[in-house]
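S.K.: Got a sequence here, can you build the structure:
(2 chains)
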Amino acid sequence: MSWGFLRDLLSGVNEYSTGIGRVWVAVVFIFRLLVYVAAAENIWKYEHDEFECNIRQPGCENICFDHFFPVSHIRLWALQLIMVSTPSLLVVFHVAYRENKEKRHNQKRYRSPGERDGGLLCTYLISLILKTGFEIVFLVLFYKLYNGFKVPRLVKCDVRPCPNTVDCYISKPTEKTIFLYFLAGTSCLCIVLNLCELSYLIFKYSIKCYLRR
Amino acid sequence: MDWGALHTILGGVNKHSTSIGKIWLTVLFIFRIMILVVAAERVWGDEQDDFICNTLQPGCKNVCYDHFFPISHIRLWALQLIFVSTPALLVAMHVAYRRHEKKRQFRKGDQKCEYKDIEEIRRQRFRIEGSLWWTYTSSIFFRLVFEAVFMYAFYFMYDGFQMPRLMKCSAWPCPNTVDCFVSRPTEKTVFTIFMIAVSSICILLNVAELCYLLTKFFLRRSKKAGNPKHHPNHENKEETKQNEMNELISDSCQNTVIGFSS
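M.R.: Predicted coordinates for the structure are as follows:
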């Protein structure tokens, strides 16, 4: 089980997506998943080993690291990627349900099980809203947890058992900052794509309904 | 998800590229991505662990490393390769859009549609003309821009392409000017120069491809202007032969690249 599983999952969704949906999948694969695996993961690989405090007191470094990084940036990034990709599965499940229904009753109930109308359209819109929601939640979480997307070089720690206020140095802060801004940028791009797709679908089907009348 | 997945995505674009485009793709995968994954990543693997400063002051090494390497070479190359590969997706999307339109025509039972079945539409190779020519040319232009920007960023950030053995650091909390030693500077210099050289070759290939496309475009225009009644059958036979040759070249290149993964 690895990121390849997510890639296969999303490739299946591509079939039932709009053009903008396919652009979203491409952005997630290339600018988020590939950048994560090929570059970002290695930056945070030894973050705990390279976190150094100006003190010899045993335990102080551990406690300070835990205090400033309750959940590591890279883990939050991975969780965000997973949560943001999963609402698309609702669409896949709905299409599978439709196909199953047709097989069970042995009759053609739909013009094509993957056609975006009625219930499937609602499912698609819900998945878009959930995707956007998760993106915004994680961006806000990142911002609140780490006071922005900038990683400082130095943090001052005075948690027990540190005897006084101790200087602690974070490794590769500039590189981490660059990649966190990249993450925020691609996240915002995905939010914009989702909102465009949402507006496009609502507009298209409103016009359809209006013309039918 | 790894570089192999990018290869799968871009492999589809190969079919609709010119011969120079196919050579560019092969150079990209063999001399850049493969070298990055198989060799360069190992050379830079221990970069911070083996970055030693002549001081016992805690934090000095971290701060000095961050000061001299705001973003590691290896990450910059990975980003460069990702950005340089992405414009090819514009072509893939355009081709997919055209195929989708043709499939729609076929399903409607359009008399104008000349395909016998859906499989033929899937297998069809589109010629680089009309709107696809503009998409293809824009993708080459963006590739050139990204290559140039990253090469400049490299040169600007590291003051050239040579990795020094020793760096003098006086950033706080280092108590004074401290000597810091970079690990494997010669090996890193060799790989940096190699990557820059291959980058330059890719830029030249892109420029050549751009010139080729522009020349073809102007020749076609002047032909159409000078000879309105041309013989499409004769032209198609020659171009089909060229396409078959291109396919053979690309298949033999594909076979050398298949089975590649990180």
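S.K.: Kindly confirm whether my reading is correct that residue B:170 touches residue B:176.
M.R.: Yes: with contact defined as Cβ atoms under 8 Å, residue B:170 and residue B:176 form a contacting pair (6.7 Å). In this view, the C-beta of every residue, glycine as well, is placed from N, C-alpha and C.
S.K.: Those two: which has the busier surroundings?
M.R.: A direct count of neighbours by other Cβ atoms under 10 Å in any protein chain shown for residue B:170 and residue B:176 places residue B:170 higher, at 12 against 8.
S.K.: give me the number of residues near the closest residue to the more buried one other than its chain neighbours?
M.R.: If the residues on either side of it in the chain are set aside, residue B:170 comes closest to residue B:177, at 4.4 Å by Cβ to Cβ, 6 or more residues apart in numbering or on different chains. The number of residues packed around residue B:177, counting by other Cβ under 10 Å, is 9.
S.K.: give me every residue that touches residue B:177.
M.R.: Counting by Cβ atoms under 8 Å, 6 or more residues apart in numbering or on different chains, residue B:177 touches B:168, B:169, B:170.
S.K.: and chain A, which of its residues are near chain B?
M.R.: A:2-4, A:6-7, A:19, A:22-23, A:26, A:29-31, A:33-35, A:37-39, A:42-43, A:46, A:50, A:52-55, A:153-154, A:167-175, A:178-179 (Cβ under 8 Å from any Cβ of the partner chain).
S.K.: One more pass at 6 Å, please.
M.R.: A:3-4, A:7, A:26, A:33, A:37-39, A:52, A:54, A:153, A:169, A:171-175, A:178 (Cβ under 6 Å from any Cβ of the partner chain).
S.K.: and which of the contacts of residue B:177 is nearest chain A?
M.R.: In terms of Cβ to the nearest Cβ, no member of these lies closer to chain A than residue B:169, at 13.1 Å.
S.K.: Give me the phi and psi for the nearest residue to that closest one once chain neighbours are set aside.
M.R.: Ranked by Cβ to Cβ, 6+ apart and with sequence neighbours excluded, the top spatial neighbour of residue B:169 is residue B:64, at 3.8 Å. The phi and psi values for residue B:64, taken as degrees, to the nearest 10, are phi -70, psi -40.
S.K.: what number of residues lie near residue B:64?
M.R.: Applying other Cβ under 10 Å, we find 22 residues neighbouring residue B:64.
S.K.: Repeat that for residue A:20.
M.R.: The number of residues packed around residue A:20, counting by other Cβ under 10 Å, is 17.
S.K.: which element is it on?
M.R.: Under DSSP states H and E, the secondary-structure element containing residue A:20 is helix A:19-27.
S.K.: Name the surrounding residues that touch that helix.
M.R.: Residues external to helix A:19-27 that are found in contact with it (Cβ atoms under 6 Å, 6 or more residues apart in numbering or on different chains): A:10, A:14, A:193, A:196, A:197, B:89.
S.K.: Kindly report the same for stretch A:132-142.
M.R.: Looking at what lies outside stretch A:132-142 - Cβ under 6 Å, 6+ apart - the contacts are A:80, A:83, A:84, A:187, A:190, A:191, A:194.
S.K.: ok, and for stretch A:143-158, which residues are buried?
M.R.: For stretch A:143-158, the neighbour count (16 or more other Cβ atoms under 10 Å in any protein chain shown) marks A:146, A:149, A:151, A:153, A:155, A:157 as buried.
S.K.: Can you give me the distance of the nearest residue to residue B:97 once chain neighbours are set aside to residue B:96?
M.R.: For residue B:97, the nearest residue in space outside its immediate sequence neighbours is residue A:19; the separation is 7.3 Å by Cβ to Cβ, 6+ apart. Residue A:19 is 9 Å from residue B:96, where distance means Cβ to Cβ, to the nearest Å.
S.K.: secondary structure element for the nearest residue to residue B:213 once chain neighbours are set aside?
M.R.: With sequence-adjacent residues excluded and distances taken as Cβ to Cβ, 6+ apart, residue B:213 is closest to residue B:137, at 5.6 Å. For residue B:137, the enclosing helix or strand under DSSP H and E is helix B:131-158.
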